[in-house]
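Engineer: model this:
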Amino acid sequence: MWNILLRRSTLLLVLVASVAGAKEREPNERNIYLSDHTSREAPDVYVVGGIVTVLRLEQPCDSARTKMLAWEGRFEPVECVGKRVLIEPLRDLEPEDRLMLLVTLADGTELPFTVTSRQKTTDDRTGDQQVNVFRDHEAPKAVLASLYDSLRMEDQLREEVERYRKEDSVNHALARLLAKGAAKQTPFRERYAALFKSPTGVEFRVSVLASRNRDKAAVVFKVKNNSPTEPWSLMEARLITDDGREERPFALRASQEYWGPGGQSGQIAVVLDASAFDSKTGPDRLVLELFRQGDGLRQAWVHLDQQLLR
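Structural biologist: Residues are numbered from 1 along each chain as shown. The predicted model follows:
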């Protein structure tokens, strides 16, 4: 752990690479609805190295006639177990890797699939854990699965609309300007700053700012990825009370989604109102945390005190 304690008592900056409490993830289950059209493309199945992906079929498969092309040295042998096909790559694939998998059902029907990866970065290890394959779109299970897919999509769209509505605020506009490096166009002035270089090669220059009329605070992380091979991206930011019991609202904007290796740089900006410090028992001390995409490591946290607005 690395601690940088600035001379001013209003800010304690701690930048670390420690394991954060990761949220429990639901199984990554997906449905595929096949078409009988002769020109249909083989649907993609997304895999991750060392993790088994299961194709769940409507009828048993023929083990002798189910095979993958050019799998040797890259996959465990493909297995048919009743109505399930098990696929396990020995290592991660690249998105440009596309291997043909031919699944033959007990009645002789051949179902082609393309086994590939959806990874954008080496930290982004997301794939299919189970793929439910439906040929008969009118079968009860297929209809029910389609209904659940529609409801899930509706919920996602509703959440996205609500998020956009909440993010249409003055603080988000200010955070966007700070993330673009346009601090002179905002009412903020820098109060304190610190520099940290992590063991993974990611460099953070952290600036804490206060508005002229002291009604808002901001934190800007200037991120430079000096790693020669590994990209970096932000998974989540949290603003919580020092005791960890309560989250407080804030606005966040980033100049980009990913920081490529070899020195790519950009900024993450957070803006909060002075009221975020308020509580019934007096001003709260707050902690702003950043978590890295992929492994959930906490990359940085900043302790903020209301005194920086004085």
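
Engineer: tell me the residue furthest from the middle of the protein?
Structural biologist: Farthest-out residue of the chain from its mean C-alpha position, per C-alpha atoms, centre = their mean: Asp107, at 41.5 Å.

Engineer: How much space separates it from Arg56?
Structural biologist: Noted for Asp107: a distance of 17 Å to Arg56, by C-beta to C-beta, to the nearest Å. C-beta coordinates here come from the backbone N, C-alpha and C atoms, glycine included.

Engineer: just Pro187 next, same as before
Structural biologist: 56 Å.

Engineer: Arg30 too?
Structural biologist: For Arg30, the distance to Arg56 - C-beta to C-beta - is 10 Å.

Engineer: With Ala42 instead?
Structural biologist: For Ala42 relative to Arg56 (C-beta to C-beta), the value is 17 Å.

Engineer: Looking at per-residue confidence, what score does the nearest residue to Gly260 once chain neighbours are set aside get?
Structural biologist: Setting aside the residues directly before and after it, Gly260 is nearest to Pro231 in space (C-beta to C-beta, 6 or more residues apart in numbering), at 5.4 Å. Per-residue pLDDT puts Pro231 at 87.

Engineer: Repeat that for Ala20.
Structural biologist: At Ala20, pLDDT is 37.

Engineer: In the record's domain split, what are the boundaries for this protein?
Structural biologist: 2-22+169-309, 35-134 (automatic domain parsing).

Engineer: Show the low-confidence segments of the chain, by residue range.
Structural biologist: 1-27, 36-40, 120-125, 136-137, 139-140, 142-146, 148-151, 156-157, 160-168 (pLDDT under 70).

Engineer: Show me where it has its helices.
Structural biologist: All helices of the chain, identified by DSSP state H, fall at 140-166, 170-179.

Engineer: now the strands for the stretch 51-200 of the chain?
Structural biologist: Assigned by DSSP state E, counting those that start in this stretch, the stretch 51-200 of the chain shows strands spanning 53-56, 67-68, 79-81, 84-87, 99-104, 110-116, 130-134, 188-197.

Engineer: Could I get these in TSV, plus columns for distance to Val271 and mean neighbour count?
Structural biologist: Shown next, in TSV, are those (distance: least, C-beta to C-beta, whole Å; neighbours: other C-beta atoms under 10 Å):
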stretch	distance to Val271	mean neighbour count
strand 53-56	42	20
strand 67-68	51	16
strand 79-81	53	15
strand 84-87	46	20
strand 99-104	47	18
strand 110-116	40	18
strand 130-134	41	19
strand 188-197	8	16
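
Engineer: Quick one: closest of those strands to Arg248.
Structural biologist: strand 188-197 (18.5 Å; C-beta to C-beta).

Engineer: Please compute how far that closest one lies from its chain's middle.
Structural biologist: In terms of C-alpha atoms, centre = their mean, to the nearest Å, the centre of strand 188-197 is found 27 Å from the chain centre.

Engineer: and that strand, what does it pack onto?
Structural biologist: For strand 188-197, the packing partners by 3 or more C-beta pairs under 8 Å, 6 or more residues apart in numbering; DSSP states H and E come out as strand 2-5, strand 11-15, strand 202-211.

Engineer: May I have that strand exported as PDB, CA atoms only?
Structural biologist: Presented in PDB, the C-alpha positions along strand 188-197 are these (Å, rounded to 0.1, in the frame of the first residue of the first chain):
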ATOM      1  CA  PHE A 188     -13.300  25.400 -10.300                       C
ATOM      2  CA  ARG A 189      -9.800  26.100  -9.100                       C
ATOM      3  CA  GLU A 190      -7.200  23.500  -8.000                       C
ATOM      4  CA  ARG A 191      -6.700  23.200  -4.200                       C
ATOM      5  CA  TYR A 192      -4.300  20.200  -4.000                       C
ATOM      6  CA  ALA A 193      -2.600  17.700  -6.300                       C
ATOM      7  CA  ALA A 194      -0.600  14.500  -6.000                       C
ATOM      8  CA  LEU A 195       1.200  12.100  -8.300                       C
ATOM      9  CA  PHE A 196       1.200   8.300  -8.100                       C
ATOM     10  CA  LYS A 197       2.700   5.600 -10.300                       C
END
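
Engineer: Each with direction, which strands does it pair with?
Structural biologist: strand 202-211 (antiparallel) (DSSP bridges).

Engineer: Export only the CA atoms of the strand it pairs with, formatted as PDB.
Structural biologist: What follows is strand 202-211 as a C-alpha-only set of coordinates in PDB (Å, rounded to 0.1, in the frame of the first residue of the first chain):
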ATOM      1  CA  VAL A 202      -0.600   3.200 -14.700                       C
ATOM      2  CA  GLU A 203       0.200   6.800 -13.600                       C
ATOM      3  CA  PHE A 204      -2.400   9.000 -11.800                       C
ATOM      4  CA  ARG A 205      -2.100  12.700 -11.300                       C
ATOM      5  CA  VAL A 206      -4.900  13.600  -9.000                       C
ATOM      6  CA  SER A 207      -6.300  17.100  -8.600                       C
ATOM      7  CA  VAL A 208      -8.800  18.200  -6.000                       C
ATOM      8  CA  LEU A 209     -10.700  21.400  -6.900                       C
ATOM      9  CA  ALA A 210     -13.300  23.700  -5.300                       C
ATOM     10  CA  SER A 211     -15.700  26.200  -7.000                       C
END
